[in-house]
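Visitor: Need a 3D model of the sequence below.
(chains A and B)
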Amino acid sequence: MNYGDWTIQIRSSKGMHDIFRVWFDKDGTYSVSAPFHSANSAGICVALVAAKDHQRTLLTTLMKTTSLRDGVFRLRLAHHPDGKIEMSFPNPPNADELVESLTILRPHNDDAFMPSPTFFCDIRHLDEFRVVHELSNECVVFDDAKLAPGREPDLYGFQIAWFPADWREFLVADADGWNLRFVGADRGVIVFRALLASRECDQQGFVGIRFKRSGTTSLAQGGFQLEAVGENINPEDPSVKESLFCLYPGPGPTTNAG
Amino acid sequence: MPDNWIIQFIKDGDCRKICRIMLGKDGSYYVTAPYHEARSASAIIHTVYYERRRSTTTPEMRIDIGLLADDKKRLKLSHHPDGFAQFSGDGIVSGRNEQGQPKGIGIMSFPLSRPPRTGPSFSCTVLGLEGFDSGNTGKNNAINFENEDVPPLSGADGLVLEGSYFTSDWRKYLFEREGFWYLEMQHNMNTIIRYRALLSTSKSLCFIGIRFIRYDVKMADHKSGFILSGPSTNVRTIDGERMADGIFCSFPSQDAGEQSSRILDFEHENR
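Guide: Just a heads-up that it's a prediction; the model follows:
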């Protein structure tokens, strides 16, 4: 049964491209697939980041960077109802680096008043992504023309956040679908496109996706970076959090700013 | 009454009348619930807890209760510029005595020149649309909400119509879309909510913002019912919990047989 399954796309002067997939499982787990990029290998690692006001800065890499061969079955980042964030690999990496999944923790609803994104996806060079030939109802299209011009016209960022069921009352029906408008820490208004779990899903929370221009410095050569931010692990500094990284191509992330 | 609107909800092509909202020349607002099939009602003053997501009425929370058994005497919520808010109606004990105290179910709430922005001014909780009168979507003063306009939520069978009162200086935030006026404002949860605006044509230039949300509504064994919640007073914090006393009326009656209930029927009171 389908509990909610969407393909995220970007429309630009270069045409339409599939970027990644988002879906719900029956228990309320929501997942993001690796982007539909032409590369089929990636660097993955667990790291510490300083996460504040929707900005992340890499502090240190905790676990040896390993490589991943990723073909038809995509790498998956999943956030389970028990708080476990899991990066799993349908195609295991080389035998000597065999890792089936990496996990960090973060409660689904760790800040009821100021939810922050769980997943981040930064991409560069749209023409490296899968071209869309036909649209379907399960597509969520973000338009390059609706972003204000930035320093890097071919560098995009997605922020993916989970919101509890009782936040559905704040959704507004716009021409492009359900949207959540949210006042950020700097008083600016952030818009999340809402993807609602189906009625059959055990949890009625929803996923919000924000589309923006990215400021990452990790993608000088193109490709994409997929990241999950976990809970704080340093009581003396609440901004320090565990993070899972996946970087196509390259051995691992360098720095990343919002 | 110069400005009045019938609020209607349309689900699967079936239009039902929910309530009527009115704005008086002096800026007072009124909400009536003449469209539900229930033949009894209770009006209550009880304590509300702001941080609790679910509101439950229990006997110990009640401060005052009145009952109404005559279906011809429908209750009307009124809220006047000086803050006096009450339930009234034809033949219902209401108004103020010589000391200015409410004679029926009423309170001194916020003056309409300074409505708080921490929550709605009133709300209408709706369970079971089939218990409401059929409506006509083409009626001049009808404000129609479609089921598809309200975000779906599994398990939430009820609806809540939230209404907020705004003074004239809020008109600068109104915007027009497809022939209707809307207001967007920041909610306590840092989200932006959108109200459909009902504009007064009187000198007051006040307006009412309304929006529907879904809610898991339970009303004892009733399959259909209606709760009209008015403004509150006596806001205080006890043991870290913020609370206030609000006025409510419920169709059907919540406690028809309770001994301590006051009877609001005027003739009964004067026997």
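
Visitor: B:S202 contacts B:Y29, doesn't it?
Guide: No: taking contacts as Cβ atoms under 8 Å, B:S202 lies outside contact range of B:Y29: 11.5 Å. Bear in mind the C-beta positions are built from the backbone N, C-alpha and C, glycine included.

Visitor: any residues in contact with both of those two?
Guide: Residues touching both B:S202 and B:Y29 (Cβ atoms under 8 Å, 6 or more residues apart in numbering or on different chains): B:L23.

Visitor: more neighbours, those two?
Guide: The neighbour comparison of B:S202 against B:Y29 (other Cβ atoms under 10 Å in any protein chain shown) goes to B:Y29, with 26 against 14.

Visitor: Phi and psi next, for the more buried one.
Guide: The phi and psi values for B:Y29, taken as degrees, to the nearest 10, are phi -120, psi 150.

Visitor: doesn't B:S121 make contact with it?
Guide: Yes: applying Cβ under 8 Å, one finds B:Y29 in contact with B:S121, separated by 7.4 Å.

Visitor: and for those two, which residues touch both?
Guide: Joint contacts of B:Y29 and B:S121 (Cβ under 8 Å, 6+ apart) are B:79, B:163, B:165, B:208.

Visitor: Against B:G163, how distant is the residue in the stretch 51-200 of chain B positioned nearest to chain A?
Guide: Closest residue of the stretch 51-200 of chain B to chain A, Cβ to the nearest Cβ: B:I192 (3.6 Å). Using Cβ to Cβ, to the nearest Å, B:I192 is found at 18 Å from B:G163.

Visitor: between those two, which one's more packed in?
Guide: Set side by side, B:I192 and B:G163 show more neighbours around B:G163, with 22 against 18, by other Cβ under 10 Å.

Visitor: isn't there a strand covering that one?
Guide: Yes: according to DSSP: H, G, I helix; E, B strand; the rest coil, B:G163 belongs to a strand.

Visitor: Tell me what it is bridged to.
Guide: B:F122, B:I210 (DSSP bridges).

Visitor: Verify the stated contact: it with B:F212.
Guide: No: B:G163 is beyond contact range of B:F212, at 10.6 Å (criterion: Cβ under 8 Å).

Visitor: for the chain, what's the longest strand?
Guide: You didn't say which chain, so I picked chain A. Using DSSP state E, we find that the single longest strand of chain A is strand A:41-52.

Visitor: My question was about chain B, not that one.
Guide: strand B:225-238.

Visitor: Could you see whether chain A lies near that one?
Guide: No: judged by Cβ under 8 Å from any Cβ of the partner chain, strand B:225-238 makes no contact with chain A; its nearest approach is 15.8 Å.

Visitor: what's that strand in contact with?
Guide: Defining contact as Cβ under 8 Å, 6+ apart, one finds that strand B:225-238 is touched by B:19, B:31, B:33, B:36, B:38, B:48, B:75, B:77, B:79, B:85, B:87, B:107-110, B:121-128, B:131-132, B:217, B:219, B:242-252.

Visitor: of these, buried ones?
Guide: Neighbour-count burial (16 or more other Cβ atoms under 10 Å in any protein chain shown) is assigned, among the contacts of strand B:225-238, to B:19, B:31, B:33, B:36, B:38, B:48, B:75, B:77, B:79, B:85, B:87, B:107-110, B:121-128, B:131-132, B:217, B:219, B:243-252.

Visitor: In helices, which of these appear?
Guide: Counting by DSSP state H, no part of the buried ones among the contacts of strand B:225-238 is found in helices.

Visitor: A:S101 and chain B, how far apart?
Guide: The gap separating A:S101 from chain B is 30 Å, by Cβ to the nearest Cβ, to the nearest Å.

Visitor: Touching, that residue and A:K84? I think so.
Guide: No: look at A:S101 against A:K84 with Cβ under 8 Å: they stay out of range, at 9.7 Å.

Visitor: Give the burial count for B:Q8, as a bare number.
Guide: Neighbour count of B:Q8, defined by other Cβ under 10 Å: 23.

Visitor: per-residue confidence at residue 208?
Guide: Here I'm looking at chain A. A:G208 is assigned 96 on the pLDDT scale.

Visitor: try chain B instead
Guide: 98.

Visitor: show me what contacts it?
Guide: Going by Cβ under 8 Å, 6+ apart, B:I208 touches B:21, B:23, B:29, B:121, B:163-166, B:197-198.

Visitor: What of A:D122?
Guide: A:155-158, A:214, A:216, A:218-219, A:224-225, A:227, A:256.

Visitor: And it, how far from A:L180?
Guide: In terms of Cβ to Cβ, A:D122 sits 22 Å off from A:L180.

Visitor: cool, B:S250 as well?
Guide: Shown here: B:S250 relative to A:L180, a distance of 32 Å by Cβ to Cβ.

Visitor: pretty sure B:F145 contacts B:R214?
Guide: No: between B:F145 and B:R214 there is no contact under Cβ under 8 Å: 11.8 Å.

Visitor: So which helix or strand of chain A has the lowest pLDDT on average?
Guide: None of the helices or strands of chain A scores lower by mean pLDDT, DSSP states H and E than strand A:66-69, at a mean of 59.

Visitor: Could you report the separation of B:Y35 from B:S224?
Guide: Going from B:Y35 to B:S224 by Cβ to Cβ gives 11 Å.

Visitor: now B:I192
Guide: 33 Å.
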